[in-house]
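>>> Just need the structure, nothing else, for what follows:
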Amino acid sequence: MRQKYYEAYDDRYRQIHGQNLQWSSDQPSAIVARTMERFSISRGDALLEIGCGEGRDAAVLLREGYRLLATDISPEAIRYCREKLPAYAEQFQRVNCVADKLERRFDFIYAVAVVHMLVADEDRDGFYAFVREHLKPGGVALICTMGDGQLELQSDVAAAFDVAERIHEGTGKMVQVAGTSCRMVSFETFCRELRRNGLAVLSQGFTAVEPDFPQMMYAVVKRAALD
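Residues are numbered from 1 along each chain as shown. Got it, this is the predicted structure:
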């Protein structure tokens, strides 16, 4: 089966791990902890991470005793997390958040730096539908995406698997990795997408996930009626 463009991150992880490097930092996303505090997410609640990558946020929450299922579309990312955190290996699972469905719903879902990797409208709608479908009544979701609120641009998905030069932030080295994909939208477009897919915005704004993403838009949402 032909790979979808958004699966190119699996190539990037394999390429970078093959050099005994890690692509992202281990600095947790402060916005996740702030959102959990604001909406009173407790250790007894069911949590879902979409796009756990190399375990930056999952590691903290699992060690703190939260009931977290951490997912990613990349088999290499899941392998890496299970090896890095063997005590929590069963809490990591490969899931395609555009096409798959879980048999569970969650009190809190978070996705940091996932939706901007989805370029096609149908894939972005699939992501939002996944979030909505897997929220419990009364549950909330945090969605963070690259953007300054105004700029709109998108990469060529045909080049997602092409090897390109990138700076490895941890070492400053130039490395050869898959280019992957990116689509940045304005806040207006972001909120319109959420409403179209039955998600009501509870709060929104800008945040940073240093050092990986110095500027991001975010929205905290709940289930709403579909337009």
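>>> the strands in this structure, which residues?
Taking DSSP state E as the test, the strands found in the chain are 46-50, 67-72, 92-94, 106-112, 135-146, 153-154, 163-167, 174-178, 183-184, 199-209, 213-223.
>>> which stretch among these comes nearest residue 192?
Set against residue 192 and scored by C-beta to C-beta, these come closest in strand 199-209, at 10.7 Å. C-beta coordinates here come from the backbone N, C-alpha and C atoms, glycine included.
>>> still on that earlier bit, closest to residue 25 out of the strands of the chain?
Of all the strands of the chain, it is strand 199-209 that lies closest to residue 25, at 8.9 Å by C-beta to C-beta.
>>> pull the longest helix from this protein.
Counting by DSSP state H, the longest helix found in the chain is helix 121-133.
>>> Redo the strands of the chain as TSV? Include mean neighbour count, distance to residue 57 and mean pLDDT.
Formatted as TSV, those follow (neighbours: other C-beta atoms under 10 Å; distance: least, C-beta to C-beta, whole Å; pLDDT from 0 to 100):
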stretch	mean neighbour count	distance to residue 57	mean pLDDT
strand 46-50	24	6	98
strand 67-72	24	8	98
strand 92-94	19	12	98
strand 106-112	24	7	98
strand 135-146	20	10	97
strand 153-154	12	26	97
strand 163-167	13	22	92
strand 174-178	16	22	95
strand 183-184	20	22	98
strand 199-209	16	9	96
strand 213-223	19	12	96
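>>> Adding distance to residue 84 as columns, could you present the ones you listed in a markdown table?
Formatted as a markdown table, these follow (distance: least, C-beta to C-beta, whole Å):
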| stretch | distance to residue 84 |
| --- | --- |
| strand 46-50 | 15 |
| strand 67-72 | 11 |
| strand 92-94 | 9 |
| strand 106-112 | 18 |
| strand 135-146 | 22 |
| strand 153-154 | 32 |
| strand 163-167 | 22 |
| strand 174-178 | 19 |
| strand 183-184 | 29 |
| strand 199-209 | 19 |
| strand 213-223 | 21 |
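>>> quick one, which of those strands is nearest to residue 86?
Across these, closest to residue 86 is strand 92-94 (C-beta to C-beta), at 10.3 Å.
>>> tell me what the closest one is packed against?
In terms of contacts (3 or more C-beta pairs under 8 Å, 6 or more residues apart in numbering; DSSP states H and E), strand 92-94 is packed against strand 67-72, helix 75-84.
>>> how does it look with 6 Å?
Contacts defined by 3 or more C-beta pairs under 6 Å, 6 or more residues apart in numbering; DSSP states H and E place strand 92-94 against helix 75-84.
>>> Give the buried residues for the helix it packs on.
In terms of neighbour count (16 or more other C-beta atoms under 10 Å), helix 75-84 has its buried residues at 76-82, 84.
>>> Could you check the angle the longest helix of the chain makes with strand 46-50?
Between helix 121-133 and strand 46-50, the angle comes out at 170 degrees (axes from the mean of the first three to the mean of the last three C-alpha atoms, to 10 degrees).
>>> and of the strands of the chain, who's closest to residue 118?
strand 183-184 (6.6 Å).
>>> residues in contact with that closest one?
With C-beta atoms under 6 Å, 6 or more residues apart in numbering as the test, strand 183-184 has contacts from 116, 119, 146-147, 151, 153-154.
>>> any idea which of those is closest to residue 173?
Closest approach to residue 173 among the contacts of strand 183-184 (C-beta to C-beta): residue 146, at 22.8 Å.
>>> Taking the contacts of strand 183-184, tell me the two that lie furthest apart.
Maximum distance among the contacts of strand 183-184 (C-beta to C-beta): 14.9 Å, for 119 and 151.
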